[in-house]
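Engineer: Fold the following, please.
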Amino acid sequence: MHIKPKLLMVLLLLAGSFAFAAPVTDLPFLAWKRASPEPILSPQGAAWESAGTFNPAVTFFRAKDAKKQDVGKFVMLYRAQDTAGTSHLGYAESTDGIHFTRRPQPVLSPEADYEKDGGVEDPRLQNFGDIYYLTYTGYNKQDAQLCLATSHDLIHWERQGVILPAYQGNWNKGWTKSGAIVPEKIDGKYWMYWLGTAADKTDQMGLSYSNDVHHWTEATETPVLPRRPGKFDSRVVEPGPPPILTPRGIVLIYNGADDQLVYRAGVAVFDRRDPRKLIWRSNEPIFAPEQEWEKVGQVPNVVFVEGLVHKDDRYFFYYGAADKYVGVAQAPAK
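Structural biologist: Residues are numbered from 1 along each chain as shown. Below is the predicted model:
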């Protein structure tokens with residue numbers, strides 16, 4: 001069959017436009033649905049978790065039982081806040097990913113100078129080999145900075161210090177937070193998406209790389225995922241849980257806030273071979289506050305996704321609601 005040159009050109013242009021749009025159909029999950037109509041974790045008691053339990057990191061922990069058989073459980077590290085506003089990290093575990101049992105005491109409490117009086121906040125979890133890497137915000141009521149701790153069992157943690165100092169960087173002029181580490185090396189390096197503050201006082205997303213997960217070098221001169229005026233992410237663009245790697249890209253769920261500071265979730269896809277290169281980004285949020293307990297709390301109108309587990313044929317997405325509760329959504333895997 002002979003195709004005329006002009007028609008061939010049109011077909012090639014159409015193919016190119018479809019190829020650019022393709023990542024939206026290549027997301028590894030389908031539409032999200034709340035797995036529980038109520039919070040799965042709420043404040044309790046009169047001490048360290050009395051004011052808020054929110055913004056969780058979650059992983060599926062595999063281990064051996066007393067009979068040396070493989071066992072697994074969902075482990076959640078959540079931000080717990082007392083009435084003075086000081087944050088600790090609590091520990092909870094589950095067999096089904098929805099019903100969690102808490103330890104009576106936190107597993108990480110503010111001790112270092114960069115944490116005192118404010119606390120340890122907003123964890124993310126990643127593991128390489130048998131080491132778990134916890135990125136979290138250390139806040140001393142003056143500065144907030146992205147910090148690192150390591151563990152073999154998710155209970156006993158060893159601080160590694162501040163890994164991205166505040167007020168430093170190619171474009172960051174303020175605090176640093178929210179380290180979402182890519183689950184595999186790319187081009188021989190570890191990569192991490194994070195939050196900084198630009199000169200216009202808006203919070204946007206940066207990217208750094210490392211040879212050892214402890215020492216990081218900024219990878220871009222400007223935000224790797226900037227804010228978009230007039231959209232759901234016009235004021236804040238903040239990494240969510242660690243990204244998902246697919247054959248076609250790096251799928252990163254992020255938290256966006258508009259000019260009214262309503263927080264919703266979006267998704268971006270970066271190049272599988274170059275984490276600096278954005279391929280696709282959602283124009284509309286994929287998850288937003290709807291339930292009363294997501295709209296009313298310490299901070300209204302917030303869903304803030306930080307935990308993600310892929311188990312069997314489902315994805316579990318864990319989020320903080322109104323800076324007071326923990327919720328969970330599910331989506332079928334493609």
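Engineer: ok, Arg79 to Gly138 distance?
Structural biologist: To Gly138, Arg79 is 12 Å away according to Cβ to Cβ, to the nearest Å. Heads up, the C-betas are built off the backbone N, CA and C, glycines and all.
Engineer: Which parts of the stretch 1-150 of the chain are helices?
Structural biologist: In the stretch 1-150 of the chain, helices defined by DSSP state H, counting those that start in this stretch lie at 5-21, listed in chain order.
Engineer: The stretch 151-300 of the chain too?
Structural biologist: 292-295.
Engineer: about what we covered before: what touches both of Arg79 and Gly138?
Structural biologist: Overlap of the contact sets of Arg79 and Gly138 (by Cβ atoms under 8 Å, 6 or more residues apart in numbering) consists of Val120, Glu121.
Engineer: which residues does Leu245 bridge with?
Structural biologist: The partner list for Leu245 in beta bridges (DSSP bridges) reads Ile250.
Engineer: list the contacts for it?
Structural biologist: Listed by Cβ under 8 Å, 6+ apart, the contact set of Leu245 reads Val182, Pro183, Glu184, Val251, Arg272.
Engineer: Isn't Phe29 up against Gln330?
Structural biologist: No - with contacts counted by Cβ atoms under 8 Å, Phe29 stays clear of Gln330, the gap being 9.1 Å.
Engineer: what residues are shared contacts of the two?
Structural biologist: Residues touching both Phe29 and Gln330 (Cβ under 8 Å, 6+ apart): Tyr315.
Engineer: Count residues in the vicinity of Trp191, would you?
Structural biologist: Neighbours of Trp191 under the rule other Cβ atoms under 10 Å: 24.
Engineer: Surely it and Ala219 touch.
Structural biologist: Yes - between Trp191 and Ala219 there is a contact under Cβ under 8 Å: 7.4 Å.
Engineer: what do these two both touch?
Structural biologist: Common neighbours of Trp191 and Ala219 (criterion: Cβ under 8 Å, 6+ apart): Leu207, Ser208, Tyr209, Pro275.
Engineer: mind giving me CSV with these and columns for distance to Ile131?
Structural biologist: Converted to CSV, these look like this (distance: Cβ to Cβ, whole Å):
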residue, distance to Ile131
Leu207, 22
Ser208, 19
Tyr209, 18
Pro275, 21
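Engineer: ok, of these, which come out buried?
Structural biologist: Among the shared contacts of Trp191 and Ala219, those classed as buried by 16 or more other Cβ atoms under 10 Å are Leu207, Ser208, Tyr209, Pro275.
Engineer: Take the residues you listed and lay them out in a markdown table including pLDDT and distance to Lys33.
Structural biologist: Conversion of these to a markdown table gives the following (pLDDT from 0 to 100; distance: Cβ to Cβ, whole Å):
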| residue | pLDDT | distance to Lys33 |
| --- | --- | --- |
| Leu207 | 98 | 31 |
| Ser208 | 98 | 34 |
| Tyr209 | 98 | 35 |
| Pro275 | 98 | 30 |
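Engineer: Of the residues you listed, which is the nearest to Thr150?
Structural biologist: The closest of these to Thr150 turns out to be Ser208 (Cβ to Cβ; 17.8 Å).
Engineer: Quick check: bridge partners of the nearest residue to the closest one once chain neighbours are set aside?
Structural biologist: Nearest non-adjacent residue to Ser208, counting by Cβ to Cβ, 6 or more residues apart in numbering: Trp216, 4.1 Å away. For Trp216, the beta-bridge partners are Ser210 (DSSP bridges).
Engineer: What is the burial count for Trp216?
Structural biologist: A count of nearby residues for Trp216, using other Cβ under 10 Å, gives 21.
Engineer: That one and Ala112, how far apart?
Structural biologist: Relative to Ala112, Trp216 is positioned 18 Å away (Cβ to Cβ).
Engineer: thought Ala112 was touching Arg159?
Structural biologist: Yes - using Cβ under 8 Å, Ala112 is in contact with Arg159, at 6.1 Å.
Engineer: Counting neighbours around each, name which of the two comes out higher.
Structural biologist: Using other Cβ under 10 Å, the more surrounded residue of Ala112 and Arg159 is Arg159, with 18 against 13.
Engineer: Please state the backbone phi and psi of the closest residue to Val71 other than its chain neighbours?
Structural biologist: Nearest residue to Val71, sequence neighbours excluded (Cβ to Cβ, 6+ apart): Asp65, at 4.8 Å. Main-chain dihedrals, Asp65, degrees, to the nearest 10: phi -90, psi -170.
Engineer: I appreciate the help and will end here.
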